[in-house]
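*Asks:* Build me a structure from this.
(one chain, ligands or ions: 1)
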Amino acid sequence: MVTNIPPQRYASRAAVIGEDTRITRALPHRARRTVGAWCFLDHLGPVHFAPGKGMHVGAHPHIGLQTFTWMIEGEVVHRDSLGNEQVIRPGEVNLMTAGRGIAHTEDSLHDGATAHAAQLWIALPRSQARCEPAFAHYPDLPQVALGGFRAMLLAGEAFGLQAPAQVHTPLVGIDFSAAQAANATVALRPEFEYAVMVLRGSAQVAGEALAPGEWLYLAPGRAELALACDGAAQFLLLGGEPMEEGLIIWWNFVARTQAEIETALADWNAGRLAPPVRAGSSAERLTAPSLAGVQLRAGGRG
Ligand code: MN
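*Replies:* Next up is the predicted model:
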């Protein structure tokens with residue numbers, strides 16, 4: 001059945017990653033923790049680093065999720081505990097599957113350059129939460145032209161195309177960009193919920209004006225979505241089947257019990273969560289914040 005619950009508008013919040021890189025974070029939001037399996041939506045930049053400065057995020061671990069990096073401008077070097085070293089460039093995706101445990105670093109390839117990216121997390125379903133860690137780089141993504149937009153398929157299926165990224169729940173991610181005014185209607189899957197996050201310029205989504213720093217939530221039940229912009233703009237449409245499982249998201253970990261988080265934390269601090277990250281980052285290994293006395297709460301639906 002198709003319903004049309006009005007879109008809900010949420011504010012992103014400011015946060016800092018690495019040494020001093022300011023980002024805006026759409027998810028998790030206190031009123032909405034997940035959209036499909038998408039459980040973390042960070043928007044970095046566009047930032048113009050001063051000479052000698054860049055993004056440098058020291059070695060840190062993940063469990064229970066996939067990190068999904070979408071590069072818009074600039075170049076970042078990923079190094080991980082599986083021995084991978086990969087430069088990601090504009091138009092490319094890095095997908096790191098943490099499973100039972102992985103660690104990585106992220107560094108600007110050149111300091112004093114511009115960076116613009118989205119870093120998204122996908123919660124792994126219970127059946128895959130402790131899978132073997134893996135890393136994949138996708139330099140070529142399917143794309144279509146649509147009413148003045150370029151639509152790049154980042155994840156899942158749309159427009160009769162399939163994105164190469166290997167994911168473990170039904171979900172979709174599409175980057176829409178336009179150099180000038182554009183207007184399109186795209187088909188949605190009524191069983192999916194969606195988020196729209198603007199990266200550049202402003203857009204009208206389901207009739208709502210949207211700019212960077214805010215995002216729109218669309219409940220399941222929609223069959224299509226009207227998209228428009230009056231000038232240069234770029235935004236992400238992310239969706240998936242609502243995740244019914246209660247997730248605990250703490251620091252860089254996604255789990256279902258506090259005990260899992262405590263074990264991962266102790267393992268990281270003892271140096272046994274993952275092998276050492278491939279050398280090369282200029283940034284220090286990150287120390288997990290203390291969990292002492294903290295009672296973690298499962299989020300689950302909204
Ligand atoms: Mn990370």
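
*Asks:* wait, what's in contact with residue 22?
*Replies:* Going by Cβ atoms under 8 Å, 6 or more residues apart in numbering, residue 22 touches 14-16, 47. (C-beta placed from N, C-alpha, C; glycine too.)

*Asks:* Repeat the analysis, applying 10 Å as the threshold.
*Replies:* By Cβ atoms under 10 Å, 6 or more residues apart in numbering, the residues touching residue 22 are 14-16, 44-45, 47.

*Asks:* ok, now how distant is it from residue 81?
*Replies:* 27 Å (Cβ to Cβ, to the nearest Å).

*Asks:* host element of the closest residue to residue 157 other than its chain neighbours?
*Replies:* In space, and not counting its chain neighbours, residue 157 is closest to residue 172: 6.7 Å by Cβ to Cβ, 6 or more residues apart in numbering. With elements taken from DSSP states H and E, the one containing residue 172 is strand 171-187.

*Asks:* So which bits of that strand are buried?
*Replies:* The neighbour-count check on strand 171-187 (16 or more other Cβ atoms under 10 Å) flags 171-178, 182, 184, 186 as buried.

*Asks:* middle-most residue in this structure, spatially?
*Replies:* Nearest to the mean C-alpha position of the chain, by Cα atoms, centre = their mean, lies residue 120 at 0.7 Å.

*Asks:* Can you classify it by secondary structure?
*Replies:* Here residue 120 is recorded as strand under DSSP: H, G, I helix; E, B strand; the rest coil.

*Asks:* Check the gap between it and residue 110 for me.
*Replies:* Residue 120 is 24 Å from residue 110, by Cβ to Cβ.

*Asks:* What distance do you get for the closest residue to residue 283 other than its chain neighbours to residue 250?
*Replies:* In space, and not counting its chain neighbours, residue 283 is closest to residue 58: 3.5 Å by Cβ to Cβ, 6+ apart. Residue 58 sits 19 Å away from residue 250 when distances are taken as Cβ to Cβ.

*Asks:* for residue 40, same thing?
*Replies:* Going from residue 40 to residue 250 by Cβ to Cβ gives 12 Å.

*Asks:* cool, residue 257 as well?
*Replies:* From residue 257 to residue 250 the distance is 11 Å (Cβ to Cβ).

*Asks:* Can you pull the residues that touch both of these two?
*Replies:* Common contacts of residue 257 and residue 250 (Cβ under 10 Å, 6+ apart): residue 296.

*Asks:* ok, the residue nearest to the centre of the chain touching residue 41?
*Replies:* Yes. At 5.5 Å, residue 120 counts as touching residue 41 under the criterion of Cβ atoms under 10 Å.

*Asks:* any shared contact partners between these two?
*Replies:* 26-27, 68, 197, 236, 238.

*Asks:* ok, those vs residue 10, which is closest?
*Replies:* Nearest to residue 10, judged by Cβ to Cβ, of the shared contacts of residue 120 and residue 41 is residue 26 at 6.9 Å.

*Asks:* Would you mind getting the angle between whichever strand or helix holds residue 194 and strand 171-187?
*Replies:* Counting by DSSP H and E, the element that carries residue 194 is strand 193-200. Orientation of strand 193-200 against strand 171-187 (axes from the mean of the first three to the mean of the last three Cα atoms, to 10 degrees) gives an angle of 80 degrees.

*Asks:* Tell me the helices and strands packed up against the following helix or strand past strand 193-200.
*Replies:* Using DSSP H and E, the helix or strand that follows strand 193-200 towards the C-terminus is strand 203-205. Judged by 3 or more Cβ pairs under 10 Å, 6 or more residues apart in numbering; DSSP states H and E, strand 203-205 is in contact with strand 171-187, strand 193-200, strand 208-210, strand 214-218, strand 224-240.

*Asks:* 7 Å - rerun?
*Replies:* The helices and strands touching strand 203-205, judged by 3 or more Cβ pairs under 7 Å, 6 or more residues apart in numbering; DSSP states H and E, are strand 224-240.

*Asks:* The strand it packs on pairs with which strands, and in what direction?
*Replies:* On the basis of DSSP bridges, the sheet neighbours of strand 224-240 come out as strand 171-187 (antiparallel), strand 193-200 (antiparallel), strand 203-205 (antiparallel).

*Asks:* quick one, which of those is nearest to residue 97?
*Replies:* Of all those, strand 171-187 sits nearest to residue 97, with 14.1 Å by Cβ to Cβ.

*Asks:* Give me the residues contacting that closest one.
*Replies:* For strand 171-187, the surrounding residues in contact (Cβ atoms under 7 Å, 6 or more residues apart in numbering) are 36-38, 70, 122, 146-158, 192, 223-240.
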